[in-house]
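> sequence unavailable; structure follows:
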């Protein structure tokens, strides 16, 4: 399963609060269909079979479809401050 840091959860929560049109809208992690099949995010609603990542208060934040879930095992979603602001990063989890 994808691990999500507290910082990433907080940034997703802020993004949802800023642009949320309704209570059903959440962030979904996706894979583009074009090579090199990079990961990305979009606003979507929950579907049957989705894994749901929640914040510390239990609010739904991130949706992971069952078709992409196996490819995210051992990865960590975090945020990093860049010269262009906060950006989400995905790295391998080292134990």
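Received the coordinates, thanks. Keep in mind that what you see is a predicted model, and the values were worked out from it rather than measured. Numbers count the residues shown, from 1 in each chain.

> quick one: residues in contact with stretch 12-30.
Counting contacts by C-beta atoms under 8 Å, 6 or more residues apart in numbering, the residues outside stretch 12-30 that touch it are 2, 39-46, 52, 55, 59-65, 68, 72, 77. (Each C-beta comes from the backbone N, C-alpha and C, glycine too.)

> low-confidence bits of this protein, can you list those?
Scanning the chain for pLDDT under 70 picks out the ranges 20-21, 35, 95.

> now the strand or helix carrying residue 11: how far from the chain's centre is it?
Residue 11 is part of helix 6-19 when elements are defined by DSSP states H and E. When C-alpha coordinates are averaged (C-alpha atoms, centre = their mean, to the nearest Å), helix 6-19 and its chain have centres 10 Å apart.

> can you offset everything so residue one is 419?
Renumbered: residue one is now 419, and that last one reads helix 424-437.
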